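Novice: sequence and predicted structure below; questions after.
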Amino acid sequence: MSTVLGALLIAALPAALAILVTGGSTDSGAAAGSAIDGRAIAADVARLRRLDFNDVPPVEAIDAREERRLTQRVSAKAKDAPATSSPAAKRLERESRAGLEWARLVGFVDPNFKIAAAGKALGGAVVGEYQPSQRKILVQSSALDPPHYEDVIAAHELDHALDAEHFPALFRAGANLQNSEKVAAHQALVEGTATVIADQFAHEHGYPPVGPGRRLFSVDNLGFGVPAGLAAEFRFPYTAGADYVRFLIQRGGWKLVDRAFQHPPDSTAAILDPHRWLRGDSYHHVVVGAHLPAPWTLVGKTDSGALDAQVLLSLGLPLRTARAATEGWDGGTIATWRRPEPSNCQAPCRQAAASVVAYRWTSPLGAGRFLAALPTYLETRLLAKDLGDLVWRIKGGYAAIDQHGTGTALALAPTPALASRLAAAGVRAADR
């Protein structure tokens, strides 16, 4: 969730830390106000988390009608937040547009994919919410759910409240982050911790786990009503985030998790490879300085993390290959441009769009592995035809790839010359 959807998913984070499941029930016969012993669950959560509550927030069960209102609020915040006039909101809007344009061009999402539809589909998977401003927890209640369901969700949300009490600086910072990689990493720490606590709570009580599944890449991604790659990014905090927290617990117990809350990871790469965080590794910011003359206009630029790179390659290569080819990520960015569309141009209109994604790697060998995987991705996902000189013809346009030293780039444009030019500019930006 570090680039694609940009403002849509980032906007929902500060206001509501929610738990997601695939296929949550919405039975209209459910009654609000069913009994959830919040204090008893909070006592278990505090014991498991090795922290104490100063103030246990009330836990309220809501029925299907109220749950739909909750979903609408989360979706509305995600949809409407970029439209505000603040400089930060405008920046998020530009980043979201840049990421979305790129996602359409590279086949990450369908050509006619709409952010609003994604917000509605993903919002439908929200079954619990912690409201920091009101210090209240809402849990969806349904007659179709087993009796333990609400308790496990409540445990997840109560952990959010407990962590927010003990590490308020992280939660304040998370509400103001503009770097999408840091947002995704912080959210993975927060949601991963709550997922682990909820799993431990369920195990202690003999309940099956409640949540979106443990694997980042799995059939679970098909149950959200959005493209599987996008669902993987949206589920990243609950899957890879939980794996990250489990790794920390194995290495140093909950004290090491507390340290992560005080010195949080700063990229999706650090979540996917926790050793990076243990070593204190950061990454380099990549900025593509290419300028396209009129009538081209810059849509925007945004970060592109290790998660983006891995999900991208997984669209055309086996998962094991995609993982190996994206090890050693050390920074990335996307830049997109638009010009007026010709008449009857079929979506995605490649004659009116140009985009480049540039990655920096920790070594030339890592850069070479990623570059070597790109032709298979292009030919499998985009049905590209190799024209030689690292240029491919794709439907409606062209793609070019390039590498120099630790930098790689993939560019898409209306002409082979422009694609090659943008790829070269991306490599120059990344190999520094």
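Specialist: Nice, I can see it. Residues are numbered from 1 along each chain as shown.
Novice: name the SS class of residue 137, please.
Specialist: strand (DSSP: H, G, I helix; E, B strand; the rest coil).
Novice: so how far is residue 302 from it?
Specialist: 33 Å (CB to CB, to the nearest Å). Quick note: C-beta positions are derived from backbone N, CA and C, even for glycine.
Novice: looking at these two, which is more packed in?
Specialist: residue 302 (30 against 27; other CB atoms under 10 Å).
Novice: could you find the closest non-adjacent residue to the more buried one?
Specialist: Distances taken as CB to CB, 6 or more residues apart in numbering place residue 95 nearest to residue 302, at 3.8 Å, with adjacent residues excluded.
Novice: now swap in residue 354 and tell me
Specialist: Residue 354 sits nearest to residue 413 (CB to CB, 6+ apart), 4.2 Å away.
Novice: for that neighbour, give its distance to residue 283.
Specialist: In terms of CB to CB, residue 413 sits 27 Å off from residue 283.
Novice: between those two, which one's more packed in?
Specialist: Per other CB under 10 Å, whichever of residue 413 and residue 283 has more neighbours is residue 413, with 25 against 20.
Novice: what residues does that one make contact with?
Specialist: 350, 354-355, 397-398, 400, 419, 421-422 (CB atoms under 8 Å, 6 or more residues apart in numbering).
Novice: same question, residue 56
Specialist: Contacts of residue 56 by CB under 8 Å, 6+ apart are 38-39, 42, 158, 161.
Novice: and the nearest residue to residue 363 once chain neighbours are set aside, how close does it get to residue 408?
Specialist: Nearest residue to residue 363 in three dimensions, chain neighbours excluded: residue 328, at 6.1 Å (CB to CB, 6+ apart). Per CB to CB, residue 328 is found 11 Å from residue 408.
Novice: need the overlap of contacts for these two.
Specialist: Common neighbours of residue 328 and residue 408 (CB under 8 Å, 6+ apart) are residue 361.
Novice: of the two, who's got more company?
Specialist: Shown here are residue 328 and residue 408; by other CB under 10 Å, residue 408 has more neighbours (31 against 19).
Novice: bridged to that one, which residues?
Specialist: Residue 408 has these beta-bridge partners by DSSP bridges: residue 359, residue 403.
Novice: now do residue 61
Specialist: Where residue 61 sits in a bridge, its partners, by DSSP bridges, are residue 139.
Novice: and the gap between the residue nearest to residue 354 and residue 377?
Specialist: Taken as CB to CB, the span from residue 413 to residue 377 is 17 Å.
Novice: one more: residue 301?
Specialist: For residue 301 relative to residue 377 (CB to CB), the value is 22 Å.
Novice: those two - which one has more neighbours?
Specialist: residue 377 (24 against 19).
Novice: regarding the more buried one, what is its secondary structure?
Specialist: Reduced to three states by three-state DSSP, residue 377 is helix.
Novice: do you know the pLDDT at it?
Specialist: Among the per-residue scores, residue 377 holds a pLDDT of 96.
Novice: same check on the one 5 residues further on?
Specialist: The confidence metric pLDDT takes the value 95 at residue 382.
Novice: what sits against residue 171?
Specialist: Counting by CB under 8 Å, 6+ apart, residue 171 has contacts 132, 163-164, 190.
Novice: and stretch 323-342, how far from the chain's centre?
Specialist: Distance of stretch 323-342 from the chain centroid (CA atoms, centre = their mean, to the nearest Å) equals 15 Å.
Novice: any idea how far apart the tips of it sit?
Specialist: Start-to-end span of stretch 323-342 (CA to CA, to the nearest Å) is 39 Å.
Novice: how near is residue 394 to residue 127?
Specialist: Residue 394 is 40 Å from residue 127, by CB to CB.
Novice: who's more crowded, these two?
Specialist: residue 127 (29 against 20).
Novice: so that one is in which element?
Specialist: strand 126-131 (DSSP states H and E).
Novice: adjacent strands (with direction) for that strand?
Specialist: Partners of strand 126-131 in the sheet, by DSSP bridges, are strand 17-20 (antiparallel), strand 136-140 (antiparallel).
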